[in-house]
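K.L.:
kindly generate the corresponding structure for this input.
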Amino acid sequence: MKKTFKKNIGLLHLWLGLGSGLIVFIAALTGSLLVFEKEIDKAIHPEYYNVSSVGSTKKTIDYCTDILEKQYSIKKINRIYTFDDPTRTIQIIAKDSDKKSQFFSFDPYTGKVLANTPQESRFFVVVLSLHRQLLLGDSGKIIMGTSCLIFVFMLLSGIVLWWPKKIKNLKQRLTVKWKASFKRVNWDFHSTFGFYSFLILLIISLSGLNFAFDWFQNGIVYLADGSKPKLSAKVKNPTKINPKLDKTAFYQSIYEKTDSIFPYTGNIQIRMPVDTINSITVLKENLEKTIPFQSSAAYFDKYTAKNIEVRPYESFSNGDKLKRLMYPIHTGSIYGYTTKIIAFLVCLFAVTLPITGLLIWLGRKKK
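P.N.:
Just a heads-up that it's a prediction; the model follows:
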């Protein structure tokens with residue numbers, strides 16, 4: 001009975017691995033790059049991240065957006081990123097007259113545009129789209145999500161196949177015989193390092209499902225809270241018609257109100273609604289907390305800049321907090337460089353799994 005079960009698991013492991021190998025290779029390779037996305041992008045394009053010199057006073061956000069409207073034909077602001085670090089730039093993503101998203105970085109002390117580029121042509125935007133959607137939109141997202149589900153099964157079935165029949169053989173399974181034949185080294189490398197990286201890869205894969213399937217994301221909240229999500233991440237805008245008020249300090253007032261509502265040190269992100277129904281969402285990350293990635297939310301009228309609702313991080317449910325941790329868990333950034341390096345190494349190893357697995361199959365087929 002056990003022998004038949006293990007044989008069936010082996011067949012599923014083999015054929016599902018061969019079928020999804022290329023997708024796993026792409027996901028692991030792009031994932032390893034995305035672990036150090038900010039560090040790599042900052043090294044290549046420092047003008048998007050840091051100013052050459054720190055001034056005494058900063059220009060208002062509206063001063064920057066006004067330059068975009070007048071000099072770059074910007075019609076709609078999408079997102080504004082401000083940082084507590086005095087050496088950091090202001091980053092703005094906005095749509096031009098052709099409805100194409102552009103990425104800008106500003107010197108907050110001079111209001112000068114330091115750099116700009118089409119958002120969709122940025123290297124890591126392309127890498128992220130390849131990682132999540134294979135550059136194929138919604139259909140690619142389904143393919144990648146399904147492959148991620150298969151990879152979770154591959155990890156679990158791999159442990160079943162790796163597990164020795166007798167405990168006395170455990171030591172042998174935990175080491176690679178580097179002086180053996182290539183065929184044996186390849187098998188040992190695939191299975192032994194697969195065991196050592198099993199838990200981290202399982203966590204990365206399961207957190208990745210959060211971005212592929214709504215049912216998985218809702219399931220996380222349900223397991224943590226025992227109920228469906230109670231609060232939407234969006235709040236409807238109370239003002240239905242633009243009253244055409246003076247907006248010379250529109251974004252700056254939202255920034256200052258948020259900074260006052262949440263009086264801790266932190267970076268602020270202003271998100272404009274993509275539709276005509278919802279209000280502006282502003283997130284402020286708390287950099288004073290030992291547990292990272294704690295952001296509170298405030299909502300503002302997109303026409304009047306009036307504060308509508310405040311949601312401190314402490315008011316979020318356990319499920320919502322867990323859901324917000326999925327991204328740093330998935331990228332390995334949850335506890336800084338220590339977890340980033342671990343995630344990077346296991347992702348690099350995952351790149352080799354389809355290759356070593358294919359070689360194992362070819363070796364057995366040849367035999």
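K.L.:
can we go C-alpha only for contacts and neighbour counts from here?
P.N.:
Noted.
K.L.:
for residue 55, which non-adjacent residue is closest in space?
P.N.:
Using Cα to Cα, 6 or more residues apart in numbering and skipping residues adjacent in sequence, the residue nearest residue 55 is residue 109, 5.5 Å away.
K.L.:
check which helix or strand covers the one you found.
P.N.:
Element membership of residue 109 [criterion: DSSP states H and E] is none; it lies in no helix or strand.
K.L.:
that one contacts residue 60, doesn't it?
P.N.:
No: using Cα atoms under 8 Å, residue 109 makes no contact with residue 60, being 9.1 Å away.
K.L.:
any common contacting residues for those two?
P.N.:
Shared contacts of residue 109 and residue 60, defined by Cα atoms under 8 Å, 6 or more residues apart in numbering, are not found at any residue.
K.L.:
identify the residues contacting the residue lying closest to residue 243 once chain neighbours are set aside.
P.N.:
Taking Cα to Cα, 6+ apart as the measure, residue 243 lies nearest to residue 303, with 7.0 Å between them; neighbours along the chain are not counted. Residues counted as contacts of residue 303 (Cα under 8 Å, 6+ apart) are 239, 241-245.
K.L.:
let's have the residues you listed in JSON lines, adding neighbour count and distance to residue 290.
P.N.:
Compiled in JSON lines, the contacts of residue 303 are given as follows (neighbours: other Cα atoms under 10 Å; distance: Cα to Cα, whole Å):
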{"residue": "239", "neighbour count": "15", "distance to residue 290": "39"}
{"residue": "241", "neighbour count": "8", "distance to residue 290": "43"}
{"residue": "242", "neighbour count": "9", "distance to residue 290": "42"}
{"residue": "243", "neighbour count": "9", "distance to residue 290": "43"}
{"residue": "244", "neighbour count": "8", "distance to residue 290": "43"}
{"residue": "245", "neighbour count": "9", "distance to residue 290": "42"}
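K.L.:
show me the shaky parts of the stretch 201-350 of the chain.
P.N.:
Counting by pLDDT under 70, the stretch 201-350 of the chain has low-confidence residues at 229-231.
K.L.:
show me the strands in it, by range?
P.N.:
Under the criterion DSSP state E, counting those that start in this stretch, the stretch 201-350 of the chain contains strands at 268-271, 280-285, 295-300, 307-311.
K.L.:
reformat those strands as a markdown table; add distance to residue 331 and mean neighbour count.
P.N.:
Below are the strands of the stretch 201-350 of the chain laid out as a markdown table (distance: least, Cα to Cα, whole Å; neighbours: other Cα atoms under 10 Å):
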| stretch | distance to residue 331 | mean neighbour count |
| --- | --- | --- |
| strand 268-271 | 20 | 22 |
| strand 280-285 | 18 | 24 |
| strand 295-300 | 18 | 23 |
| strand 307-311 | 26 | 15 |
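K.L.:
okay, now residue 159: neighbour count?
P.N.:
Burial measure for residue 159: 16 neighbouring residues, criterion other Cα atoms under 10 Å.
K.L.:
which residue packs closest to it, ignoring adjacent ones?
P.N.:
Here the residue nearest residue 159, using Cα to Cα, 6+ apart, is residue 195, at 6.7 Å.
K.L.:
quick check: next helix or strand after the top helix by length along the chain?
P.N.:
Among the elements of the chain assigned as helix by DSSP state H, the one spanning the most residues is helix 2-35. Past helix 2-35, heading to the C-terminal end, the next element that is a helix or strand (DSSP H and E) is helix 37-44.
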